[in-house]
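Enquirer: Sharing a sequence plus its predicted fold:
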Amino acid sequence: MYRQTYPARRMFIVIIAITGLLFAIWLQLVRWQVLYAQSSPTVRQEEPSPHMGNIVDAHGVLLAFDAPRYTLGIDKRVIPPDEKEDARAWLLAQGFSSDQVAKALDGSSPVTEFRGVTYRVADAAKAHIQELINSGRRVWLRVDVNWVRAFPQGSVAMHVLGIRDWQRPPKAVGGVHEYYAPFLSKGEELNLEYAREAAPPGGTTPFFPSPYKRDLVLTINTGVQYWVEQELAAAVERYQAKSGSVIVMDPRDGSILALANWPSLDPNRFYERDPSDPAWINRAVTQVYEPGSVIKAVTFAAALDAGAITTDTVIFDPGVWEYGGVIIRNSQQRGYGNVTPEEILAKSLNVPTAMVADRLGPTTFYRYLDLFGFGRLTEIDQAKENAGGYRRPRDSAWSLSDLATNSFGQAIKVTPIQMIRAIAAIANGGYLVRPHVLKGYQKGDTYFEMQTPPRQRVIQTKTARVLTSWLTKVVDSISIPDRVDGYRVAGKTGTAQVILPGESTYAKDEQNVTFVGFFPAEDPQVIMLVFLERPQRGPLSVDPKYIWAFNTAYPTFVRIADRIAPLLDIVPPRAEGGE
């Protein structure tokens, strides 16, 4: 029976609705504060750069906006002796502690500042300043207002969003804040070829458009993003990994539904983290790694598409093979005799995979690697994307052994976003899509929505269908109890050795693990990549050092898929027509 998870979904929607109501009230206060502050000569505004527009998710949930930050300044030098106790009483009435008041009125510093005071205190200070002015007394209070970037969802989608720091002038760092900074700050034209005027999204939302009318709508689903981050953090802890990344994407058009990395941070408190802290790194688009056996899906797609193999091909696997001056072995340390392509993928055999690459030949193999997008930017709208790379036959350092090792994911550097895009081409029937997080944007009084650009065909539709069938059998062959509830999944695991920094050979007991899968296999609507860097512990029920992608990255995929499928209204085929 299909497990019902919709009550949890409804509860999450209620929470979002309540949060939205509270922030609607806050937004009205912010607008009122701007007008109030500009009309008052007693308030000093510090605005070193124009306001940034709002950022919301695909359903109008507020992700980032400009909020006022108040500083209360006290100049004790201008307080007449006979009014000092009145000043003390006023400060205490606003909630300042006795120690804080003593520091301001009796300390050695002539001017004391309390940063980050509440709106209530700032508003009371404005009123008191006006009283002092009206009564002809000296003004010893000052209210400063500067604008900071606020992230009401906390750390959710931090790496997608990036931040705006507190420099003078402030600087956008990372994510869409950096990528779209000229538009968010100044309203500069985006000049997006595939943007078209459209009706504003999501019905009515109090956050869109903002008063500044230079706002972004992202493809991110906040509910999906939340659960992805929760399960990723749990997996990093469970398997004692150094870091991890998860990407959830619509394989049909490249829309990013969630993108998460761990470690992460709260962008509202970014100043507590040193710039060198790993939590800043958007590993999903900047970190390169050797993907291992995940890339075998690409090798076999290329071979089938080019006619180097067929569904009836049988290859003899000796278990060990010398090729290009190197010895290639299966990870199982044995040979399997005559095997079909489907069996090679299911057992993840290195030797027959290298033999398939040899059948393709260097020219065709590397042409397909390029078609699948490896070694070049995906052009995702995120800051500082890494192109990865690999040696090609035209490079002096290339050798025939690279053809073999590249075929099963060694000596090739990819990013998680490149890897998921490549497998998405199998899921969607053979097309390379452009991953993106921008759904639409408000420019002045007009809303523009992104249209799907023409897709580049990589492999034939029939090739994609056969590969999907093979990859479904790969998942079916994973002999652990974890299964996505109600769906058939197509996917591939990858357990790759690691060359540690400062070393030239693969570490003996270090590996990265990856699983890329899409579902429902019959009509793929979601593709997800789970990457864990150097996990140190496998499942507790077996040898903790028995660490493979199938018992770490794949179970994480299952946990996330079970969480997010109801949020995306993906109904399992067996539940259709049921009660």
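Expert: That came through, no problem. Keep in mind the model is a prediction, meaning the values are calculated, not measured.
Enquirer: Can you pull up the most central residue in the protein?
Expert: L259 (2.2 Å; CA atoms, centre = their mean).
Enquirer: show me what contacts it?
Expert: Shown in contact with L259 (CB atoms under 8 Å, 6 or more residues apart in numbering): 157, 159-160, 220, 225, 245-248, 284, 382, 437. For glycine as for every other residue, the C-beta is placed from the backbone atoms N, C-alpha and C.
Enquirer: which of the residues you listed has the most neighbours?
Expert: Ranked by neighbour count (other CB atoms under 10 Å), the contacts of L259 have A157 at the top, with 31 neighbours.
Enquirer: Need the nearest residue in space to it, chain neighbours excluded.
Expert: Counting by CB to CB, 6 or more residues apart in numbering, A157 lies nearest to Q225, which is 5.0 Å off, once chain neighbours are set aside.
Enquirer: So for the one you found, what's the pLDDT?
Expert: pLDDT recorded at Q225 is 98.
Enquirer: go on, P501?
Expert: 79.
Enquirer: Could you check how far it is from E510?
Expert: Using CB to CB, to the nearest Å, P501 is found at 11 Å from E510.
Enquirer: So between the two, which is more surrounded?
Expert: A count of neighbours by other CB under 10 Å puts E510 above the other of P501 and E510, at 18 against 5.
Enquirer: I'd like to check which residues are in contact with that one.
Expert: 497-498, 500, 534.
Enquirer: what's the closest of those residues to V148?
Expert: Minimum distance to V148 across those is 36.3 Å, recorded for R534 (CB to CB).
Enquirer: part of a helix, is the residue nearest to the centre of the chain?
Expert: No. Applying DSSP: H, G, I helix; E, B strand; the rest coil, one finds L259 to be strand, outside a helix.
Enquirer: Identify the bridge partners of it.
Expert: L259 forms beta bridges with I247, as assigned by DSSP bridges.
Enquirer: Distance check, it against M158.
Expert: 10 Å.
Enquirer: and what of Q332?
Expert: Noted for Q332: a distance of 40 Å to M158, by CB to CB.
Enquirer: Pick out whichever of these two has more residues nearby.
Expert: M158 (27 against 12).
Enquirer: next one: stretch 59-74 to chain centre, how far?
Expert: Centre-to-centre, stretch 59-74 and its host chain are 23 Å apart (CA atoms, centre = their mean, to the nearest Å).
Enquirer: correction: stretch 505-517
Expert: Worked out by CA atoms, centre = their mean, stretch 505-517 lies 21 Å from the chain centre.
Enquirer: do you know how far the residue in the chain sticking out farthest from the centre is from G136?
Expert: Distance from the centre of the chain peaks at D82, with 59.0 Å (CA atoms, centre = their mean). D82 is 14 Å from G136, where distance means CB to CB.
Enquirer: Would you map the helices across the stretch 201-350 of the chain?
Expert: Ranges of helices in the stretch 201-350 of the chain, per DSSP state H, counting those that start in this stretch, are 222-238, 283-286, 296-306, 341-347, 350-360.
Enquirer: export those to JSON lines and tack on distance to L432?
Expert: What follows is the helices of the stretch 201-350 of the chain, written out as JSON lines (distance: least, CB to CB, whole Å):
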{"stretch": "helix 222-238", "distance to L432": "24"}
{"stretch": "helix 283-286", "distance to L432": "17"}
{"stretch": "helix 296-306", "distance to L432": "12"}
{"stretch": "helix 341-347", "distance to L432": "21"}
{"stretch": "helix 350-360", "distance to L432": "19"}
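Enquirer: Next, the buried residues of stretch 160-168.
Expert: 160-165 (16 or more other CB atoms under 10 Å).
Enquirer: So, low pLDDT: which residues of this structure?
Expert: By pLDDT under 70, the low-scoring segments of the chain are 1-50, 202-204, 479, 481, 540-545, 574-579.
Enquirer: ok so, going back, closest to Q410 out of the contacts of E510?
Expert: Q497 (7.4 Å).
Enquirer: pretty sure L265 is touching I281, no?
Expert: No. Counting by CB atoms under 8 Å, L265 does not reach I281; the two are 10.5 Å apart.
Enquirer: need the longest strand for the chain.
Expert: Longest strand in the chain, counting residues (DSSP state E): strand 62-75.
Enquirer: Taking strand 62-75 as reference, get the angle to the next helix-or-strand element following that strand.
Expert: Moving toward the C-terminus from strand 62-75, the next helix or strand (DSSP states H and E) is helix 84-93. Here helix 84-93 runs at an angle of 160 degrees relative to strand 62-75 (axes from the mean of the first three to the mean of the last three CA atoms, to 10 degrees).
Enquirer: What's the first helix or strand after helix 84-93?
Expert: That would be, after helix 84-93 and using DSSP H and E, helix 98-106.
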